[in-house]
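> the sequence and its predicted three-dimensional model are supplied below.
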Amino acid sequence: MWSANDDLDSAPTPSDGRGERAPEGLTAERRLLRAVFQRAPVPLLVLELDGTIRRANAAAGELIGASPGYATGRPLTSFVDVASQAAVRSHLAAAARARAPRQLTCALPGRGGPSDVVLALGPVDLPDGQRLLVATVAPGGAVSGPLGAPPKRTRSGGSAGDALHAMTRRMDTVTSVTRLLLDNSTFSEAVTLQRCARLLAGDIASWVIVVVARAGRLRRQYVIGPPGEAAEELARLVRRTEPRPGTAPCQVHSARRPMLLANVDDATLLGSAPDGVPLLMTLGATSVLSVPISDGAESYGALTLARVPEDGRFEIADLALVEEIGEHLGVAVRVDRMFRHRSAVAETLQASLLPSRLPDIPGLELSAVYLPAGEGLEVSGDFYDVFPVRDGWGITIGDVCGKGQEAAAMTAAARHAIRVLATYERDPVDVLTKANEVILGGGYEDRFVTAKLAYLKWDRRRLQVALASAGHPGPAVVRSDGRVEMLNGGGLPLGLFSSAELPDAGPGAETLRLRTGDQLVFYSDGVTDARNAELASFDERLADELAGLAGKTAAETTRAIQTLLTGFTQDELRDDLTILVARVTMPPE
């Protein structure tokens, strides 16, 4: 059995976009709706489709001769005179089946004796998919029309059924706006405002005007009205007219206070068009409601709604609803701007950790690709660099554990330490050894760096490569005839132990020679750790895939590996991906 407050209390409770329950404004709105239902002057009942009373207001209780609490959960026919019960059951079934309003004259026993009443039935579809019946009861024919016709309007502007429809529609609007904002996968402020305006237009207002503060000025972001070419032309006219100081949107934005004018007596409230005609007259609007788009701390603009006479006037209940929507929009705008700011900062910082371009090296063809995993809002720990050393060139690639600003600081320290030390040290092993001491002295707590450093030097027609390794995978050597050598090198990551703590913790070393057409393929663990949907590892097929790339240019090799990896993982990378290919061309003269 339901309690007397179940129906209006069961409406979905939207969050504010941060997982919290709805603010006090929405709670107050729901209290208002309950009070309207309970104190409505028209006897009103909410029924299940089988005729069970789910809720009855005070006026209905007086008429049927029972308290609302007693009536809840009992069939309506139990309060109807026996002679009328069959007719009531028939009309209940017809209203539920045909989804059309029905009404009939029947007799109620009542506390003061039997009385003839008009029972009007109408179906109501709720946002969660439920369908209920709303019944209005009136003595004689006070609110009745011809049999089968909907109830006539009351003085308050609508029938009791209309009141419940309005309550349900308001709750549905809040829920729809909340879902729209939570589903904002684009993180686009313009798209968010546009979608919200479209949602409100037609259902809540005849016209919706959104203004946003940019560079210290209010600008009309979006305007939408009724469907049709004429309305679209008016919307373009209003959008081209910037809001001037003193108009409603400017006042609402600057004061951060809403404005409700049920009947507008100042036609210039929204400003005037270039020809001097007030915009309200152009739109034919007579009722205006404007609220700030604010997150509580800052106002980002104003949301203004206007109604033409045939759509009625705005009321206090509309103000509470639109204020709530304005607050939701303010939070969404703040999140969108924070997302864009963080994304821009991450991109700038990431760019500072990678070379802007690779140098031109005689006898070598270079190509590199970096692909972040996820949304790219956190700075990656991957880095690579190519720079001159004594009698040749140095190539380094590395990866710092973790992401974010601390990882970025450690990445920058490792990359620049290796580059500076390589200017003076002839052996790449010595470079990584001293870089380890630099990292340990930086106070990076539990973070560490894997790194690979190669010195490349021409010896007649062959390219000599000296490799130093600090726990980083690879590289791979792809010979021109298709043979593949997977190198390891060993060594412990930088930043874990000093030479005094662990004398054998120094970098590993390897040497090799490359000829024309050979490729040296460096990569991060984003390649070796890649998994597909079946959790198979790309590392197991890496050598075979590289063998098929023999004879390719450096750029073709990097693109091919990237394509293979994204296809293998279906674009679900586990870690950031970095690939650098050095291909031997012709020895320099």
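Right, received. Where do you want to start? The model shown is predicted, which means the values in this text are computed figures rather than measured ones. Numbers count the residues shown, from 1 in each chain.
> pLDDT on stretch 401-415, on average?
Averaged over stretch 401-415, pLDDT sits at 74.
> sketch out the low-pLDDT regions of the stretch 301-450 of the chain for me.
339-353, 373-380, 402-406, 445-446 (pLDDT under 70).
> could you pull out the strands for it?
364-371, 382-389, 392-400, 449-459 (DSSP state E, counting those that start in this stretch).
> and the ones you listed, which is most packed in?
Per-stretch averages of neighbours, counted by mean count of other C-beta atoms under 10 Å, single out strand 392-400 among the strands of the stretch 301-450 of the chain, with a mean of 25. All C-beta spots, glycine's among them, are computed from the backbone N, C-alpha and C.
> where do the helices sit along the stretch 351-500 of the chain?
405-422, 428-440 (DSSP state H, counting those that start in this stretch).
> other SSEs contacting the first one?
Under the contact criterion of 3 or more C-beta pairs under 8 Å, 6 or more residues apart in numbering; DSSP states H and E, the helices and strands touching helix 405-422 comprise helix 316-352, strand 382-389, strand 392-400, helix 428-440, strand 449-459.
> using CSV, lay out those together with distance to P243.
Shown next, in CSV, are the helices and strands packed on helix 405-422 (distance: least, C-beta to C-beta, whole Å):
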stretch, distance to P243
helix 316-352, 16
strand 382-389, 48
strand 392-400, 50
helix 428-440, 56
strand 449-459, 54
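> and of the ones you listed, who's closest to G491?
helix 428-440 (7.5 Å; C-beta to C-beta).
> tilt between that closest one and helix 405-422?
Calculated by axes from the mean of the first three to the mean of the last three C-alpha atoms, to 10 degrees, helix 428-440 forms an angle of 140 degrees with helix 405-422.
> I439 reaches G495, doesn't it?
Yes - with contact defined as C-beta atoms under 8 Å, I439 counts as touching G495 (4.0 Å).
> these two: who's more crowded?
Counted by other C-beta atoms under 10 Å, I439 and G495 do not tie: G495 has more neighbours, with 28 against 24.
> per-residue confidence for that one?
86.
> buried residues, the helix or strand where V88 lies. List them.
Using DSSP states H and E, V88 falls within helix 82-98. Buried residues in helix 82-98, defined by neighbour count with 16 or more other C-beta atoms under 10 Å: S84, Q85, V88, R89, H91, L92, A95, A96.
> could you dump whichever helix or strand comes after it to PDB, C-alpha only?
With elements assigned by DSSP H and E, the helix or strand that comes after helix 82-98 is strand 102-108. Presented in PDB, the C-alpha positions along strand 102-108 are these (Å, rounded to 0.1, in the frame of the first residue of the first chain):
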ATOM      1  CA  ARG A 102     -13.800   9.700 -20.200                       C
ATOM      2  CA  GLN A 103     -16.500  11.000 -17.900                       C
ATOM      3  CA  LEU A 104     -19.800   9.800 -16.500                       C
ATOM      4  CA  THR A 105     -22.400  10.700 -13.900                       C
ATOM      5  CA  CYS A 106     -22.600   8.400 -10.900                       C
ATOM      6  CA  ALA A 107     -23.700   8.400  -7.300                       C
ATOM      7  CA  LEU A 108     -21.500   8.600  -4.200                       C
END
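> circling back: any shared contact partners between I439 and G495?
In terms of C-beta atoms under 8 Å, 6 or more residues apart in numbering, I439 and G495 are both contacted by the residues M410, F448, V449.
> can you name the residues that contact the last one?
Read that as V449. Per C-beta under 8 Å, 6+ apart, neighbours of V449: 381, 398-401, 410-411, 414, 439, 470, 493-495.
> quick one: the helices in the stretch 51-200 of the chain?
Read by DSSP H, counting those that start in this stretch, the stretch 51-200 of the chain holds these helices, from start to end of the chain: 58-64, 68-71, 82-98, 160-182, 189-200.
> OK, contacts around G301?
Listed by C-beta under 8 Å, 6+ apart, the contact set of G301 reads V210, V211, V212, A213, L218, Q221, P249, H253, P292, I293.
> please identify the helix or strand for the residue lying closest to it once chain neighbours are set aside.
With C-beta to C-beta, 6 or more residues apart in numbering as the criterion, G301 has its nearest non-adjacent residue at 3.9 Å, and that residue is V212. Assessed by DSSP H and E, V212 sits inside strand 207-214.
> then that strand to CSV, C-alphas only?
Output in CSV follows, covering the C-alpha atoms of strand 207-214 (Å, rounded to 0.1, in the frame of the first residue of the first chain):
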residue,chain,number,x,y,z
TRP,A,207,11.3,32.0,-26.8
VAL,A,208,14.6,31.1,-25.2
ILE,A,209,17.5,33.6,-25.2
VAL,A,210,21.0,32.7,-23.9
VAL,A,211,23.6,35.4,-23.3
VAL,A,212,27.1,34.6,-22.1
ALA,A,213,29.8,36.9,-20.7
ARG,A,214,33.0,36.9,-22.8
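> partner strands of it, with direction?
As defined by DSSP bridges, the strand partners of strand 207-214 come to strand 217-224 (antiparallel), strand 299-307 (antiparallel).
> now those in a markdown table, with distance to E510?
Listed next are these as a markdown table, based on distance: least, C-beta to C-beta, whole Å:
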| stretch | distance to E510 |
| --- | --- |
| strand 217-224 | 60 |
| strand 299-307 | 58 |
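> just those: most buried one?
Among the strands paired with strand 207-214, highest average neighbours (mean count of other C-beta under 10 Å) belong to strand 299-307, with a mean of 25.
> how far off centre is that strand?
Here the centre of strand 299-307 is set off from its chain's centre by 22 Å, with C-alpha atoms, centre = their mean, to the nearest Å.
> and what of stretch 291-305?
So, by C-alpha atoms, centre = their mean, the centroid of stretch 291-305 is 19 Å from its chain's centroid.
> residues in contact with the residue nearest to G301?
By C-beta under 8 Å, 6+ apart, the neighbours of V212 are E189, L193, L218, R219, Q221, I293, Y300, G301, V333.
> which one of those residues sits closest to E572?
So of those, ranked by how close each gets to E572 (C-beta to C-beta), first place is E189, at 28.2 Å.
> any idea how far V238 is from Y222?
10 Å (C-beta to C-beta, to the nearest Å).
> now for those two: what residues contact both?
Common contacts of V238 and Y222 (C-beta under 8 Å, 6+ apart): I209.
> pLDDT at the closest residue to E485 other than its chain neighbours, what is it?
Leaving out its chain neighbours, the residue that sits closest to E485 by C-beta to C-beta, 6+ apart is V477, at 4.2 Å. In the predicted model, V477 carries a pLDDT score of 95.
> quick one, strands of the stretch 451-589 of the chain?
With DSSP E, counting those that start in this stretch as the criterion, the stretch 451-589 of the chain has strands spanning 462-470, 476-478, 484-486, 508-514, 519-523, 577-584.
> picking up where we left off before, please identify the most buried of the helices of the stretch 351-500 of the chain.
Using mean count of other C-beta under 10 Å, helix 428-440 ranks as the most buried of the helices of the stretch 351-500 of the chain, with a mean of 22.
> so how far is it off the chain centroid?
Between the centre of helix 428-440 and the centre of its host chain there is 44 Å, according to C-alpha atoms, centre = their mean.
> how about stretch 490-498?
41 Å.
> measure that stretch end to end?
17 Å (C-alpha to C-alpha, to the nearest Å).
> repeat for stretch 195-211
The separation between the terminal residues of stretch 195-211, taken as C-alpha to C-alpha, is 14 Å.
> which residues sit against it?
169, 173, 176-177, 180-181, 193, 218-227, 238, 243, 249, 253, 270, 283, 285, 289, 293, 301-308, 311, 318, 321-322, 325, 329.
> try it again at 6 Å.
Residues outside stretch 195-211 that contact it (C-beta atoms under 6 Å, 6 or more residues apart in numbering): 176, 180, 193, 218, 220-225, 243, 249, 283, 301-308, 311.
> contacts only, for Y424.
Shown in contact with Y424 (C-beta under 6 Å, 6+ apart): no residues.
> mind checking how far it is from A468?
15 Å.
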